[in-house]
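In: need a 3D model of the following:
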Amino acid sequence: MHIAIAGNIGAGKTTLSKSLGKHYKYDIELEDVVDNPYLDDFYSQMERWSFNLQIYFLNSRFRQLRDIINSERNVIQDRTIYEDANIFAPNLHAMGLMTNRDYENYRSLFDLMEGTVQAPDLLVYLRSSIPNLVSQIHKRGREYENSISIEYLSRLNERYEAWIHNYDKGNLLVIDIDDLDFVENKGDLKNIIAMIDEKINS
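Out: Down below sits the predicted model:
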């Protein structure tokens, strides 16, 4: 079983991934933000480092997927390879922060990779408003995220909604998280688990 958690920056993907991994006793594949050598540079100089960052994430997530498929483990994955290609890279390109040449190169590489992997058994999308995302980002206090603008988050949110609206690669569960607190409120977490159970057992 491969469950992937999708959502904008600050939506709570990592926190929920860890909670679900513990509940289901699944392995957890987290997004590589600690050892990522490009994140600090990217947030201080987006235009210069956008392509490098996106290639790093693409490579990292492709390796994760190949490992998940080959090992046949039960896995909760924090963010998907589809988000990089359908949200983050095209957003950087549209904002003029990634050149046409780099974006076309990136898309060509993604298309090649996508043909060799399979979609998750269940995609869980954490839908959040911008004020909630901003609050969560400030709460976790990652220094490199201090420069993230509301405009940037809003653009990403619009792309997430468009992507989810057209998602057709498999089972999908959309969870509105603005009024949920699955960290402090065990009832909220239980409700999310019940929704996931219903999806994977139907």
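In: now do the helices in the chain.
Out: 13-24, 39-44, 46-71, 81-83, 89-94, 100-114, 130-140, 150-165, 186-201 (DSSP state H).
In: tell me the most buried of those?
Out: The highest mean neighbour count among the helices of the chain, using mean count of other Cβ atoms under 10 Å, belongs to helix 81-83: a mean of 22. Where C-beta positions appear, they are placed from N, C-alpha and C, glycine not excepted.
In: and the contacts of that one?
Out: With contact meaning Cβ atoms under 8 Å, 6 or more residues apart in numbering, helix 81-83 is reached by 6, 58, 61-62, 65, 110, 113-114, 117, 119, 160, 163, 169.
In: that older thread, which one of the helices of the chain lies nearest to D178?
Out: In terms of Cβ to Cβ, the element of these nearest to D178 is helix 130-140, at 4.9 Å.
In: about what we covered before: distance to M1 and mean pLDDT added to the helices of the chain, as TSV?
Out: As requested, the helices of the chain are exported to TSV (distance: least, Cβ to Cβ, whole Å; pLDDT from 0 to 100):
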stretch	distance to M1	mean pLDDT
helix 13-24	8	94
helix 39-44	30	85
helix 46-71	10	92
helix 81-83	18	94
helix 89-94	28	96
helix 100-114	21	96
helix 130-140	27	83
helix 150-165	21	94
helix 186-201	7	93
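In: redo the ones you listed as JSON lines? Include distance to E31.
Out: Output for those, formatted as JSON lines (distance: least, Cβ to Cβ, whole Å):
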{"stretch": "helix 13-24", "distance to E31": "7"}
{"stretch": "helix 39-44", "distance to E31": "11"}
{"stretch": "helix 46-71", "distance to E31": "8"}
{"stretch": "helix 81-83", "distance to E31": "10"}
{"stretch": "helix 89-94", "distance to E31": "15"}
{"stretch": "helix 100-114", "distance to E31": "17"}
{"stretch": "helix 130-140", "distance to E31": "13"}
{"stretch": "helix 150-165", "distance to E31": "15"}
{"stretch": "helix 186-201", "distance to E31": "19"}
